[in-house]
Every structure is written in C-alpha cells, then in structure tokens.
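Visitor: Okay, predicted coordinates and the sequence, questions at the end:
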Amino acid sequence: GAVLEVQYSPRYFGALQEQRTIVASDIQMDGLTRELADYLTARGIRSVLAVSIRREGKPIGMLALAATGEPRHWKMDEQNFCASLADLTALAVETDRRRLAERELRKSLGNLQLFFSQSLDGFFFMMLDEPIRWGRDVDQEAVLDYVFQHQHMIKVNEALLKQYGASAEQFLGSTPHDLFVHDLAHGRDLWRRMFDAGRIHVESDERRLDGSRMWVEGDYICFYDAEGRITGHFGIQRDVTERKQAEEVLSRFNQRLKLLQRTDRAILGAHSIEDIANAAAEHVHELVPCRRASVVVFDGAAEFGRIVGLRTSGDTAAKVGSEVPLRVFGSLDDLRQGRAQLISNAEQVAGEDVVRRLQKEGIKSFVNIPLVADGALIGTLNLGSDKVAAFSAEHVEIAQEVGNSLAVAIRHAQLNRQIERHASELEQRVAEG
C-alpha cells in the first residue's frame, strides 16, 4: 500500500520512462536508486531489479525484485525472467482493460438498441455496395446514378416502418430510387445537397408504401472511410404530414380571404347589374378554377333567366342577354333553400339543349350556385369546367360565399333601378299634370 511519489524520485522514474530495466546491485552507490535509498534501506533492501510495465510503448507501472544483505549482481537470466513477468503483467492488465471496455461497449450498444427500437422518430442506416468519391472533380450525375441503384436500407426501427406503412421485409433493401420513384429529380437534389455538405436538415415530399403522400422532416449524416469516400448515411426523421397539411389549409384560407375581399370590392364597386355580374364572373376563377363563369338573373314571372355576366376561356354560343330556361337549373326549391346544384359529369344529364351545347363546347362538369336575397331566388352563379368532377366541396363553399355578396349587390342594383324608374314615372306624371 506504500506510495512512491514521482516528484521525489525524478531520476528513478525518468529512467523507467526512457529504458526498460534498472539494475542496481547497491542502491546506495547507484545514481538512479540513490533517491530511494532511505525508503529502501528502512526496509532492509540492498539491491533492486526494476522493469517497467508498458502498454502501447508507454510505462503504466513497474515490476521490482529486491534483495537484502550483501550487494547482489543480477544475472542476465534473472533480468530476462523479470522482463517476462512484466510482459505477462502488462498482458493481464490489457486483457482486463479490454474486458471492461467490451462490457461497457455491450452496455452502450444495448442502450443504443433500446433507444433505436423504442424511439418515436424513425431511424435508419443506408449503406453503399462500394464507397464513392464526391466532389467537383467527379461526374456527379453518374455517381448519383450508381448511388440510386446501389445504396440500400440495412437497418430500420419500428417508428420508420410505421411512417411508411411497411414491414421490415418490405422495406429493408430499398434504394433511393425506390423511395423517390414518384419524383426522382427531387430525390437526386436531396442526395446531392447531402453529399455536398456531408449532412442535411430538410423537409421532403415522400410517399408511403401505398402511394399516399407524406411529408417528413429529418437530419441525415454521411459516413466516410479512411480515404474520405462516402460509404453511406444515417438518418433520423419524423412524419410532419399533419403539420404541413394544416399549413397548406391555412395558406389556402388566407389566399381565399384575400381573393374574396378583392372580388367583393369589384362587385360592390360596380353599379349596373351587368357590371356587377361581369365583375363576379371575372374574379371567381381566381378562387375556383373553371373554364366558364356566368351569372343568370331570374324574372319571377317568366320561365326564363337572362345571362347578365359571362367569362369564358373557350368558344361559346352563349352571350350576355341570352335567355336560359329555368328548368336547366334543376330543382328551384332546392336553389331557394340555398342548396347548390352540382353536376360532376355532364354526360349523365340528358334532354336539355343547353346542356348538350355545354358538352359540345367542352364543359364536362358544372355547378349552379343560388343567388338568394331577401328570401327570394333572384338568379344563379354558374361555373363550368373541362374536367369531370372538377368541383370539390371546398370549391362549392367558396363559390357560395361569392354568390352571397353577388346576390346582395344585384338586389341593391335592382332596387336602385326600380327607384330610378319610379322616380322617372313620377316626374313624367307631374309634368303631364
């Protein structure tokens, strides 16, 4: 349990740093052991044979043999035997150190595997069949061609499999080409950016195994060999589809509000019924993609409506002022109650010349939005598309919002026109009286 402090015996310990063996027949006379003379003499020691115990060429301790009584001249075979004991001791120390290191490594790997398997984020390793060099001095397109066919998923956790809706058997072995077959240009751009920087944090548009869209946010880090070649990469990612969908809905809603406000200003800024209707027809396509938009005003006493506004991107026989039979708008009772008439496939509607004319002009689906003001059905806002089932529930809802503003503006214009007519008639009577 005794301790020898290096600072009090610098020559002795310095010699063990520089040479393998210290051979001292008489500690009092030897220059290297004289610093330890008091310590050794107190213990009856007269001669010392010390050999350093080394690991990786550096001393980690010493093995010492001591003799009492008369000075002892240490024989060469004794020195060799002591050196062998020191080597065996070094080997035992190294073996024990490695055993402890392996135990810690197994523990760490166990913790890593536990974390890997139970994490809520997706983890994976993708490795290349052969390392690749990357830089400005290589044909990067050719390298990416190789990578997209020869880099494979070799390890994944359950969270990643859940993201893609796949089993381990289905997903292991996947290549970048498999993952981005829906958009190879996007995938190659991600790999190029990762190889350029060695790592990347990115949101990417991907596909589940069933083909459904998925947005992921992830961090990806390249692996390199001793020559600086890329051997593969590690990734950790999370499914952010719900967040991206919410952001897209919010963005569409904000855009929708801006366009509705612009449409309202255009409608309210017009004065005549025709100007109001044309303003609505001109702006509604910004909110609801359509090939044709028209506004028809009903005459309550007649069986026809009159086109007062029209916008179309194709040829049409319809024109402002044309009359349209009310029966083509479906159930007027439904329209009076604010229910739109949606025709997803115009081919399913038969018997009306107007509908047949729409089909000939390329209109494959249409929707009629009721214009209701003061509880009365005063007309319709009509949208047509050259695609089957072009109008979603959201499109119909937006068109109804436009229709509400349009109905109020048309009703006001009608009332103003009636007031102007009555005023004119009154003036004429006064003049005649």
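Guide: That came through, no problem.
Visitor: buried residues in stretch 393-411?
Guide: 395-396, 398-411 (16 or more other CB atoms under 10 Å). Where C-beta positions appear, they are placed from N, C-alpha and C, glycine not excepted.
Visitor: residues contacting E70?
Guide: R46 (CB atoms under 8 Å, 6 or more residues apart in numbering).
Visitor: before we move on, the earlier item: filter the buried residues of stretch 393-411 down to the ones in strands?
Guide: Counting by DSSP state E, the buried residues of stretch 393-411 place none of their members in strands.
Visitor: Could you list the low-pLDDT ranges of the protein?
Guide: Residues of the chain meeting the criterion pLDDT under 70: 1, 109-117, 270, 300, 350-354, 433.
Visitor: the helices in the stretch 101-250 of the chain, which residues?
Guide: In the stretch 101-250 of the chain, the helices defined using DSSP state H, counting those that start in this stretch lie at 140-150, 158-164, 168-171, 176-179, 184-197, 241-269.
Visitor: Now render those as TSV, adding distance to S322 and mean neighbour count.
Guide: Converted to TSV, these look like this (distance: least, CB to CB, whole Å; neighbours: other CB atoms under 10 Å):
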stretch	distance to S322	mean neighbour count
helix 140-150	58	15
helix 158-164	55	19
helix 168-171	59	13
helix 176-179	55	18
helix 184-197	48	16
helix 241-269	22	14
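Visitor: Redo the ones you listed as TSV? Include distance to I307.
Guide: Output for the helices of the stretch 101-250 of the chain, formatted as TSV (distance: least, CB to CB, whole Å):
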stretch	distance to I307
helix 140-150	56
helix 158-164	52
helix 168-171	57
helix 176-179	52
helix 184-197	46
helix 241-269	17
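Visitor: Any figure for the gap between the closest residue to S405 other than its chain neighbours and H233?
Guide: Spatial nearest neighbour of S405, chain neighbours left out: D264 (5.0 Å); criterion: CB to CB, 6 or more residues apart in numbering. Applying CB to CB, to the nearest Å, the value for D264 to H233 is 52 Å.
Visitor: element containing the residue of the chain positioned farthest from its centre?
Guide: No residue in the chain sits farther from the centre than E70, which is 82.9 Å out by CA atoms, centre = their mean. Using DSSP states H and E, E70 sits within no helix or strand.
Visitor: For R46, see how far away it is.
Guide: 7 Å.
Visitor: mind listing the strands in the protein by residue range?
Guide: 21-24, 45-55, 58-68, 122-132, 151-156, 199-207, 213-224, 230-239, 292-298, 304-312, 323-325, 341-343, 365-373, 376-385.
Visitor: Render the CA-only coordinates of the fourth one in PDB, please.
Guide: As requested, C-alpha coordinates have been extracted for strand 122-132 and formatted as PDB (Å, rounded to 0.1, in the frame of the first residue of the first chain):
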ATOM      1  CA  GLY A 122     -37.700   7.000 -37.500                       C
ATOM      2  CA  PHE A 123     -34.100   5.800 -37.600                       C
ATOM      3  CA  PHE A 124     -32.300   4.100 -40.500                       C
ATOM      4  CA  PHE A 125     -28.900   3.200 -42.000                       C
ATOM      5  CA  MET A 126     -28.400   3.200 -45.700                       C
ATOM      6  CA  MET A 127     -25.100   1.800 -47.000                       C
ATOM      7  CA  LEU A 128     -23.500   1.600 -50.400                       C
ATOM      8  CA  ASP A 129     -22.300  -1.500 -52.100                       C
ATOM      9  CA  GLU A 130     -19.000   0.200 -52.800                       C
ATOM     10  CA  PRO A 131     -17.700   3.600 -51.400                       C
ATOM     11  CA  ILE A 132     -17.900   6.600 -53.800                       C
END
